[in-house]
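>>> Just the structure for this:
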Amino acid sequence: MRTKSRRGGDSSPPRAGKVRTLRVSEGVAIGALVALVLVELLAFGASDVVVAAVFGVAHAAFLLILLATCGWARKVPLPLAKPWPGLLFAVVLVAVAWPLTPFGPGGAHPVWRYLGDHGGAITVDRSTLVLNILRLLGLACLFLASQIIGASETRRRALFWWLLMGLAVFAVGAIIDHVSLRAGTRLRATLLSPNSAASLMGVGLVFAAMFLSQAIQKTGGSVRLEKLGLDASLSVAAAAIFAVALAMTASRGGIFSTVVGLAVLLTWQVLAQGRRVRAIAIVGGAAALLVAIGVAMRSADLTAQRLQTLDGDIAVRKMIFDAHWQAFQSSPWFGFGLGSFPVVNQMIMTSTNLPVLFDVRASHNLYLQWLEEGGVVGAALMGAWLLIALGRIAVQGVKPGTSAALARAGVAAAILVLAHGFSDFAVQVPALQTLFAIGLGAMTAVSALPGRGKAAPPWRGAVAFGGLTFVASLLVAAPMVASRFGGDLADMPTASAEVLASAIEAKLARDPRDPATLARLDRLSRRELAMRPGAGAAWLRRAAIDFQRNDVTAANLALDRSLAVAPLQTSLFMSRARLAYEHWPALTPSSRQQVMYQARIEYARGGEDRLKTLANEIRDPSGRIGLAFLIVAERTKAQLAASKR
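This is a model prediction of the structure:
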């Protein structure tokens, strides 16, 4: 792709300068980066922990390959040791890693007392926190790689153009899939959430509008089709595709945030281009398009229904916010550790908030989740890093030229994402984080290259950083990948808690009896609990192992702790109830009461059929009879309550 290359910075007129064609190596690097983003989006947003770990390795590898194969990449100065982004990022890493230690205002979390009086940590899940730190390091590698690519205005514009085209193709596929297979539901693409898809489509619409606005400016403000080039035509097509996909998500927060982002972009474009009459026409046309989309959406049954249930959804969000705000207040300074939301969510679940919390993947408020996972210290530092980045981009946006227009679109897209983060699950998707890291890196790139006779920039520091990240990510990802495909590398020191859990589950499914296998299971279980003593599933596996070892006292203790840290975890109910009722005579009265309490809650949630199926599968006679009596008692209670209405 050919783009304008201007001398003297971005302040020159749009038509000034010469046209430069990308080198082959530059085109390959840009294409590889775009392909990486698209593959990550297609892999269900890399939401799976194993897939995210693999892409973390790929992020570091991309930086290393770029520096190893492209001479121009090694000539770009990287601000690794400057206050921003290098040193501030190092401080952020220290802050988010601090919960691995017990040194905080409140000391270690109380759940660590289950393992003894020594050690512990502020976080409740060391394993997940380490995985998220590696994820941050991988994103930093992509940020540096994008800064290298974005150091040239030609490469920067080409990167964003081809990202836009790639995302438009992705959106077309999502629309086709939605219309042909999932008509009547909300468009999710491969991101598992309509709100996440809405953020992506909204960002695409903002950048498509920017490229179209620039194309119209270059024609002197004329909107005649014969004067518009291929780029403008493709921008119009992309904008239409993103608008349709956005409407199909029926995301109220996503659409509102997109309107805000477009308003910021188009208003800024009006002021920057100085063509107020023609620019007003652009703004008016865009506003008319948005109104048309809104009218079409209002006439759609799905969107109309969602607008009618807005009050109910606000009440649901409030219940989520209140529960997790209270959780944040219990550990305000350093939080519970990045990625700890699922464990914390299970720990704070009660019979009152169970209908809302039982299946949420995030707090639906980006800032509350930052506070809960990173604490005031971590959230403040992450916010400071992001605000400095956006400030640098905004400074570039006050100038004329394509690079400045990209900066304006970048700020508008950031406003869109940050506004949407107040009410929905979006930016927490790993693939979207990858896309945003690339955008921030390219837009904050240093364009000045060392002159003749000057020493080359210290690219070796970037190689060292990327190399260490690559090795660490690979050592953690390898056992996870092996576990996913039936292998067993759980004995590796770098095996995560997920790997240990998979190995334990696989062995328990074979009903182990030999002492060697039980000894290994005991060792793996202790390692898992040492990483995440706040996980109810980890304590349940501990109880199952102790029952196999005929250590009834230890098994009851582990079952009690599983019920204490995750008393109403619905995803754990069947396996926990099965284990309890199979060993019903050996349970202590307190364990029986807790198991029966959750069984009653699940029955009230419409789980009678599941309980009946489970009762028929229980081999222990007393356990089968005990569960049958509970079902009959709950059914009788429900019938009496219905007769009194």
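>>> How many neighbouring residues does residue 142 have?
A count of nearby residues for residue 142, using other CB atoms under 10 Å, gives 27. (Glycine included, C-beta is placed from N, CA and C.)
>>> So it sits against residue 440, correct?
No. The pair residue 142 / residue 440 is not scored as a contact, 9.7 Å apart, by CB atoms under 8 Å.
>>> Quick one: list the elements packing against the strand or helix carrying residue 590.
Taking DSSP states H and E as the definition, residue 590 sits inside helix 589-604. Applying 3 or more CB pairs under 8 Å, 6 or more residues apart in numbering; DSSP states H and E, we find helix 589-604 packed against helix 552-565, helix 570-582, helix 608-617, helix 621-643.
>>> List the buried residues of the third one.
So the one you mean is helix 608-617. 611, 614-615 (16 or more other CB atoms under 10 Å).
>>> Checking residue 20 next. Helix, strand or coil?
With DSSP: H, G, I helix; E, B strand; the rest coil as the basis, the three-state label of residue 20 is strand.
>>> what sits opposite it in the beta ladder?
residue 3 (DSSP bridges).
>>> who's in contact with residue 582?
Going by CB atoms under 8 Å, 6 or more residues apart in numbering, residue 582 touches 618-620, 623.
>>> Let's have those in a markdown table, adding pLDDT and neighbour count.
Formatted as a markdown table, the entries for the contacts of residue 582 read as follows, by pLDDT from 0 to 100; neighbours: other CB atoms under 10 Å:
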| residue | pLDDT | neighbour count |
| --- | --- | --- |
| 618 | 94 | 20 |
| 619 | 93 | 8 |
| 620 | 93 | 15 |
| 623 | 94 | 23 |
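>>> now the angle between helix 570-582 and the helix holding residue 590, please.
On the basis of axes from the mean of the first three to the mean of the last three CA atoms, to 10 degrees, helix 589-604 is oriented at 130 degrees to helix 570-582.
>>> what's the offset of helix 589-604 from the middle of its chain?
With CA atoms, centre = their mean, to the nearest Å as the basis, helix 589-604 stands 34 Å off its chain's centre.
>>> Give the buried residues for that helix.
Using 16+ other CB under 10 Å as the test for burial, helix 589-604 gives 591, 594-596, 598-603.
>>> for stretch 575-586, same thing?
Buried residues in stretch 575-586, counting neighbours by 16+ other CB under 10 Å, are found at 576-584, 586.
>>> contacting residues around the helix holding residue 590?
Contacts for helix 589-604 (CB under 8 Å, 6+ apart): 351, 354, 556, 559-560, 563, 567-568, 570, 573, 576-577, 580-581, 584, 587, 610-611, 627, 630-631, 634.
>>> quick revisit: select, out of the helices and strands packed on helix 589-604, the one closest to residue 326.
Closest to residue 326 of the helices and strands packed on helix 589-604, according to CB to CB: helix 552-565, at 16.6 Å.
>>> Does residue 586 touch residue 555 like I think?
Yes. Proximity of residue 586 to residue 555 meets the contact threshold set by CB under 8 Å, at 7.3 Å.
>>> Quick one: residues contacting the closest residue to residue 566 other than its chain neighbours.
The shortest distance from residue 566 to any non-neighbouring residue, by CB to CB, 6 or more residues apart in numbering, is to residue 536 (2.7 Å). By CB under 8 Å, 6+ apart, the contact set of residue 536 is 346, 562-563, 565-566, 569, 572, 576.
>>> show me what contacts residue 432?
With CB under 8 Å, 6+ apart, residue 432 has these contacts: 45, 191, 196, 199-200, 426.
>>> Report pLDDT for it.
If you check residue 432, the pLDDT there is 94.
>>> so where does residue 232 fall, helix or strand?
Applying DSSP H and E, one finds residue 232 within helix 230-249.
>>> by how many degrees do the very next helix or strand once past that helix and helix 230-249 diverge?
Once the chain leaves helix 230-249, the next helix or strand it forms, by DSSP H and E, is helix 252-273. Between helix 252-273 and helix 230-249, the angle comes out at 150 degrees (the same axes, to 10 degrees).
>>> Which elements pack onto the host helix or strand of residue 176?
Using DSSP H and E, residue 176 sits in helix 153-181. Under the contact definition 3+ CB pairs under 8 Å, 6+ apart, helix 153-181 sits against strand 2-5, helix 24-42, helix 126-150, helix 194-218, helix 230-249, helix 402-420, helix 430-443.
>>> mind listing what's buried in the second one?
Same thing as helix 24-42. 26, 29-30, 33-34, 36-38, 40-41.
>>> quick revisit: relative to residue 332, which of the contacts of residue 432 is nearest.
Checking the contacts of residue 432 one by one against residue 332 (CB to CB), the nearest turns out to be residue 426, at 24.8 Å.
>>> Let me know the secondary structure of the closest one.
coil.
>>> what's the burial count for the closest residue to it other than its chain neighbours?
In space, not counting the residues next to it along the chain, residue 426 is nearest to residue 199; the distance is 3.9 Å by CB to CB, 6+ apart. By the criterion of other CB under 10 Å, residue 199 has 32 neighbours.
>>> for residue 199, what are its contacts?
Neighbouring residues of residue 199 by CB under 8 Å, 6+ apart: 254, 257, 416-417, 420, 424, 426-427, 432.
>>> can I get those residues in a markdown table with distance to residue 365?
Shown next, in a markdown table, are those (distance: CB to CB, whole Å):
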| residue | distance to residue 365 |
| --- | --- |
| 254 | 15 |
| 257 | 14 |
| 416 | 16 |
| 417 | 13 |
| 420 | 11 |
| 424 | 9 |
| 426 | 11 |
| 427 | 11 |
| 432 | 16 |
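>>> In those residues, which has the lowest confidence score?
Among the contacts of residue 199, pLDDT bottoms out at residue 426, giving 76.
>>> residues in contact with that residue?
By CB under 8 Å, 6+ apart, the neighbours of residue 426 are 193, 195-196, 198-199, 254, 366, 417, 420, 432.
>>> Go again with 10 Å.
191, 193-200, 202, 251, 253-254, 257, 362, 364, 366, 416-417, 420, 432 (CB atoms under 10 Å, 6 or more residues apart in numbering).
>>> Same question for residue 394.
268, 407-408, 410-411, 414.
>>> switch the cut-off to 6 Å
For residue 394, the contacting residues are residue 411, by CB atoms under 6 Å, 6 or more residues apart in numbering.
>>> Can you give me the pLDDT of it?
You'll see residue 394 listed with a pLDDT of 93.
>>> what's the distance between the host helix or strand of it and the middle of its chain?
Residue 394 belongs to helix 366-397 when assigned by DSSP H and E. Remark: helix 366-397 is offset 16 Å from the chain centroid, using CA atoms, centre = their mean.
>>> I'd like to know which of the helices and strands packed on helix 153-181 lies nearest to residue 528.
Among the helices and strands packed on helix 153-181, the nearest to residue 528 by CB to CB is helix 126-150 (8.1 Å).
>>> Kindly calculate the angle that the closest one makes with helix 24-42.
150 degrees.
>>> tell me what helix 126-150 is packed against?
helix 49-69, helix 153-181, helix 430-443, helix 459-484 (3 or more CB pairs under 6 Å, 6 or more residues apart in numbering; DSSP states H and E).
>>> remind me which residues of this structure are low pLDDT?
Along the chain, segments meeting pLDDT under 70 span 1-19, 182-184, 219-228, 273-313, 446-458.
>>> cutoff 50 now
The chain contains residues with pLDDT under 50 at 1-17, 277, 280, 288, 291-292, 294-301, 303-304, 307-308, 448-456.
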